[in-house]
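Asker: Return a 3D structure for these sequence lines:
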Amino acid sequence: MSEHNQNDHSLYVARLIENYLQAHPDAMDSFEGIRRWWITEQKVHESAFSVKNALEILLDKGVVEEVGGGFFKCAVKEKSARH
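Answerer: Alright, predicted model coming up:
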């Protein structure tokens with residue numbers, strides 16, 4: 001797989017993780033938990049390499065944060081609409 005295709009695929013996996021976090025904003029899990037449960041819940045099986053790259057993209061974007069012990073969670077939650 002070319003570097004361009006790897007990057008496109010990593011962006012795809014990053015979007016899967018973002019979708020999961022939108023549905024479960026309080027979710028927190030380890031790398032392996034994200035790979036096994038967050039991704040496969042969406043009926044997709046991804047390699048550890050793809051998930052690692054996707055998490056790096058999401059860390060750089062500020063979508064997820066590492067909270068220690070190898071666990072990740074949503075960095076920003078949607079603010080509730082208060083009027």
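Asker: any low-confidence regions in the protein?
Answerer: 1-6, 77-83 (pLDDT under 70).
Asker: Quick check: I39 touching E18?
Answerer: No. With contacts counted by C-beta atoms under 8 Å, I39 stays clear of E18, the gap being 11.6 Å. For glycine as for every other residue, the C-beta is placed from the backbone atoms N, C-alpha and C.
Asker: Settle it for me: which of these two has more neighbours?
Answerer: More neighbours sit around I39 than around the other of I39 and E18, counting by other C-beta atoms under 10 Å; the figures are 21 against 17.
Asker: List the buried residues for the longest helix anywhere in the chain?
Answerer: Under DSSP state H, the helix in the chain containing the largest number of residues is helix 3-23. The neighbour-count check on helix 3-23 (16 or more other C-beta atoms under 10 Å) flags H9, S10, V13, A14, L16, I17, E18, Y20, L21 as buried.
Asker: If we only consider those, which is nearest to E32?
Answerer: Top of the list for closeness to E32, among those and by C-beta to C-beta, is I17 at 13.7 Å.
Asker: Could you list which residues are in contact with the closest one?
Answerer: For I17, the contact set (C-beta atoms under 8 Å, 6 or more residues apart in numbering) comprises I34, W38, I39, V51, A54, L55, L58, V63, V64.
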